[in-house]
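Enquirer: Have a look; sequence and predicted model below, questions after that.
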Amino acid sequence: MVETVEEKDHTQHPKVQVCPECGSPHLMRDYDLAEIVCTDCGIVVASKIADRGPEWRSFDNEQYAKRTRVGAPTTYTVHDKGLSTMIDWHDRDIYGKSFSPSQKAQIYRLRKWQRRIRVSDATERNLAFALAEITKIANNINLPGNIAETASVTYRKAVKERLIRGRSIKGVTAATIYLACRQCGLARTLDEIAQASSSNKKEIGRSYRFLIKELGYSIPPIRPGQYATKFSNQLTMQGKVEEITHKILATAKEMRLTAGRGPSGIAAAASYIASVLTGERKTQREIAQIAQVTEVTIRNRYKELVERMYFQMSI
DNA sequence: AAGACGAAAGTGGTTGA
DNA sequence: TCAACAACTTTCGTCTT
């Protein structure tokens, strides 16, 4: 008997936790003791944690297929978190034998009721519709899966607090998506969300502000750097340009040139400067189009930045 | 000729009484 | 509810490369 040591996959945990005592990110999960321990200061961050991995081991694909007995992971984007039972449409038992007519009739009735129970009351129907909508919008503009998850969680909260009444479901779903983007530091404008959904900007904005107020969220304004990354990607500029852009932005922030100015305008100006400095020149118009600001704004920011940062420009 | 510059008037949203 | 306000946009004529 050969003992095989299996590595537990700790990368499955998406949240990066830090030690509440010393702030160190070096946390170790000890599944034998069911504890999370900080390797820097030794404090036990959490105890009695649940190991979400399987308790069995497999040595090849066939064994894995045999031993595994769960489906997809639970998700917040489906109204019942993907946990409901489905009765399949084959009129056969587990051995593949066909049912008798009376059994068939019974299964048909069961199936019917299963469907009805699954999306039972008005709240559930609301959720089912809204979460489908969230997924749709997120897919429309290629947002990562965690945005849809975050938005879904927010929507569930909103339903629980009875905040949806009197508001359109579509508007609120779009607002939760926008909120999720802001929470995750993804630079997406209301315009982009509005285009991907079927509600207008005004409505989404109203719902967004309402949600923030009622759910007690505090969302920091988007930093210019977040825009800069997006612009660089859309302009297909080299990494070097983006790097310089961020340097410019960092200096600008230190010199308090960013206060009171629209972050997208500043990011656009910084991108422009960086493109000029590296020789990979883009026109103001190109950047203005992508940044959704006018050339004039880019010029104004650009002027301010260059005037004040004249001495730092020897990059 | 394309792009950059800048003045002046216009626009939409926030703030505070 | 409304006016004041700052940031930003639109427009357009002029300058630069």
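Expert: Good, I have the coordinates.
Enquirer: What parts of chain A come near DNA strand B?
Expert: Within chain A, the positions adjacent to DNA strand B are A:Lys201, A:Lys202, A:Gly205, A:Arg281, A:Thr283, A:Gln284, A:Arg285, A:Glu295, A:Val296, A:Arg299, A:Tyr302, A:Lys303 by Cβ under 7 Å from any atom of the strand. C-betas here are computed from N, CA, C, even on glycine.
Enquirer: quick one: secondary structure of whatever residue of the stretch 101-250 of chain A ends up closest to DNA strand B?
Expert: Residue of the stretch 101-250 of chain A nearest DNA strand B, by Cβ to the nearest atom of the strand: A:Lys202 (6.0 Å). Here A:Lys202 is recorded as helix under DSSP: H, G, I helix; E, B strand; the rest coil.
Enquirer: picking that back up, got a winner among the residues of chain A next to DNA strand B for most neighbours?
Expert: A:Tyr302 (20 neighbours; other Cβ atoms under 10 Å).
Enquirer: any idea how far that one is from A:Arg111?
Expert: Distance of A:Tyr302 to A:Arg111, computed by Cβ to Cβ, to the nearest Å: 65 Å.
Enquirer: do A:Phe129 as well
Expert: Between A:Phe129 and A:Arg111 the computed distance is 22 Å (Cβ to Cβ).
Enquirer: Tell me which stretches of chain A form strands.
Expert: With strands called from DSSP state E, chain A shows them at A:27-30, A:35-38, A:44-47.
Enquirer: Show the average pLDDT along the first one.
Expert: pLDDT averaged over strand A:27-30 equals 60, rounded to a whole number.
Enquirer: again with stretch A:152-166
Expert: 85.
Enquirer: Buried ones in it, by neighbour count?
Expert: Applying a neighbour-count criterion of 16 or more other Cβ atoms under 10 Å, one finds A:Ser152, A:Thr154, A:Tyr155, A:Arg156, A:Ala158, A:Val159, A:Leu163, A:Ile164 buried in stretch A:152-166.
Enquirer: Stretch A:254-268 too?
Expert: Going by neighbour count (16+ other Cβ under 10 Å), the buried part of stretch A:254-268 is A:Leu257, A:Thr258, A:Arg261, A:Gly262, A:Pro263, A:Ser264, A:Gly265, A:Ile266, A:Ala267, A:Ala268.
Enquirer: tell me the domain boundaries of chain A?
Expert: Domain assignment for chain A by automatic domain parsing gives A:11-68, A:122-215, A:224-313.
Enquirer: Save these as CSV, and put in distance to A:Ser100 too.
Expert: Shown next, in CSV, are the domains of chain A (distance: least, Cβ to Cβ, whole Å):
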stretch, distance to A:Ser100
domain A:11-68, 31
domain A:122-215, 34
domain A:224-313, 62
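Enquirer: Lowest average confidence across the ones you listed, which one?
Expert: The bottom spot among those, by mean pLDDT, belongs to domain A:11-68, with a mean of 58.
Enquirer: mind listing what the residue in chain A that DNA strand C sits nearest to touches?
Expert: Nearest residue of chain A to DNA strand C, counting by Cβ to the nearest atom of the strand: A:Gly262, 2.4 Å away. Residues near A:Gly262 by Cβ atoms under 8 Å, 6 or more residues apart in numbering: A:Val293, A:Thr297.
Enquirer: For A:Ser232, give me its contacts.
Expert: With contact set as Cβ under 8 Å, 6+ apart, A:Ser232 has these partners: A:Val241, A:Glu242, A:Thr245, A:Ser271.
Enquirer: And it, how far from A:Gly260?
Expert: Taking Cβ to Cβ, one finds A:Ser232 at 24 Å from A:Gly260.
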